[in-house]
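In: only geometry, no sequence info:
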């Protein structure tokens, strides 16, 4: 009997298959003969305490122009799956949180949910870095303009980030000489009603914002350095950055060794660390990317390594 995998993700017609990490994971699942079901978050539900979903069978294809076919929807019990991949992109809003509660019922029934739903809720991709303050740059989280002003005065050159974004959206670099400081602080905090994160600007961004993938607490030995486009301070590929593969540095490995055991303990089995220079800036737990670029640059099979780790976990549960 084939193993069963369900994937919770954004609509398939939104996917750029030639570079999409989820597509890479699903192609590996196909190679391993998984029966695959596709769901959007809105397709999940509960009948009592039993997690169910309006799922569509997904057939993976090798063509990036026509990467999958979907069958008709029917209700499935999520407990019948072996693995559920939670690959819904942020925004991390209340609907996202509700989705993790539904997936937690599937986990309770014995399904391996990647990543663990409770840890998706707890490990905010910006705030989780503060568990490793010795690895991160000078950081402030506040909704108060006065606190942000004092932080800017101290460091002179800072980066502001919303706590719930992705892909470099709404990230500002602000210097002490910027004439728009007040309006930027007002915008980012919603006039002091919303938290924002401020970090000391790291000049090493010109050498790339390194994405390091972690599988069950272990680092893939290469990073994808995302180099900002001319005139940009953001390295995110979604913001026009260029990805350049490189071997992990000694400092990169030290950061991974520091963070890895905590990821493993929390059931965060597939994670992307963002490192600028020698500083950890984000820990991406929702839908980390970079797999396809690293595979192509270094002839890797990161999806294969992940599924081997997941199947090892499944075997340990059932032994």
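Out: Sure thing, it's come through. None of the values given here were measured: they were computed from a predicted structure. Residues are numbered from 1 along each chain as shown.

In: which residues touch residue 154?
Out: Not one residue lies near residue 154 by C-beta atoms under 8 Å, 6 or more residues apart in numbering. The C-beta positions use only the backbone N, C-alpha and C, and glycine is treated the same way.

In: give me phi/psi at it?
Out: phi -70, psi -40 (degrees, to the nearest 10).

In: residue 75: which element?
Out: In the assignment (DSSP states H and E), residue 75 maps to strand 74-77.

In: if you count contacts, what does that strand end up packed against?
Out: Where contact means 3 or more C-beta pairs under 8 Å, 6 or more residues apart in numbering; DSSP states H and E, strand 74-77 is packed against strand 50-60.

In: buried stuff in stretch 157-173?
Out: 158-162, 164, 166, 168, 171-172 (16 or more other C-beta atoms under 10 Å).

In: how about the residues you listed in JSON lines, adding distance to residue 270 and secondary structure?
Out: What follows is the buried residues of stretch 157-173, written out as JSON lines (distance: C-beta to C-beta, whole Å; DSSP: H, G, I helix; E, B strand; the rest coil):
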{"residue": "158", "distance to residue 270": "31", "secondary structure": "strand"}
{"residue": "159", "distance to residue 270": "26", "secondary structure": "strand"}
{"residue": "160", "distance to residue 270": "28", "secondary structure": "strand"}
{"residue": "161", "distance to residue 270": "22", "secondary structure": "strand"}
{"residue": "162", "distance to residue 270": "23", "secondary structure": "strand"}
{"residue": "164", "distance to residue 270": "20", "secondary structure": "coil"}
{"residue": "166", "distance to residue 270": "16", "secondary structure": "coil"}
{"residue": "168", "distance to residue 270": "21", "secondary structure": "coil"}
{"residue": "171", "distance to residue 270": "24", "secondary structure": "coil"}
{"residue": "172", "distance to residue 270": "29", "secondary structure": "strand"}
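
In: tell me the least confident of those?
Out: pLDDT across the buried residues of stretch 157-173 is lowest for residue 168, at 67.

In: distance to residue 301 added to the buried residues of stretch 157-173, as CSV?
Out: Below are the buried residues of stretch 157-173 laid out as CSV (distance: C-beta to C-beta, whole Å):
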residue, distance to residue 301
158, 40
159, 34
160, 38
161, 33
162, 34
164, 32
166, 26
168, 28
171, 32
172, 38
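
In: so where's the chain shaky on pLDDT?
Out: For the chain, the stretches with pLDDT under 70 are 1, 167-168, 231, 234-239.

In: got the domain ranges for it?
Out: Taking automatic domain parsing as the reference, the chain has its domains at 4-118, 140-201, 204-302.

In: what's the closest of those to residue 311?
Out: domain 4-118 (8.1 Å; C-beta to C-beta).

In: sorry, back to before: can you name the next helix or strand after the strand holding residue 75?
Out: Downstream of strand 74-77 (by DSSP H and E), the next one is strand 83-86.

In: what does that following strand contact?
Out: 3-9, 22, 25, 34, 78, 99-100, 103, 106, 111-115, 117, 120, 286-287, 310, 314.

In: if we go to 6 Å?
Out: Strand 83-86 is contacted from outside by 5-8, 111-114, 310, using C-beta atoms under 6 Å, 6 or more residues apart in numbering.

In: so which of these is the most crowded?
Out: Within these, most neighbours by other C-beta atoms under 10 Å means residue 6, with 29 neighbours.

In: state the distance from residue 75 to residue 243.
Out: 40 Å (C-beta to C-beta, to the nearest Å).

In: tell me which of those two has more neighbours.
Out: residue 243 (22 against 11).

In: does the more buried one touch residue 226 like I think?
Out: Yes: using C-beta atoms under 6 Å, residue 243 is in contact with residue 226, at 5.4 Å.
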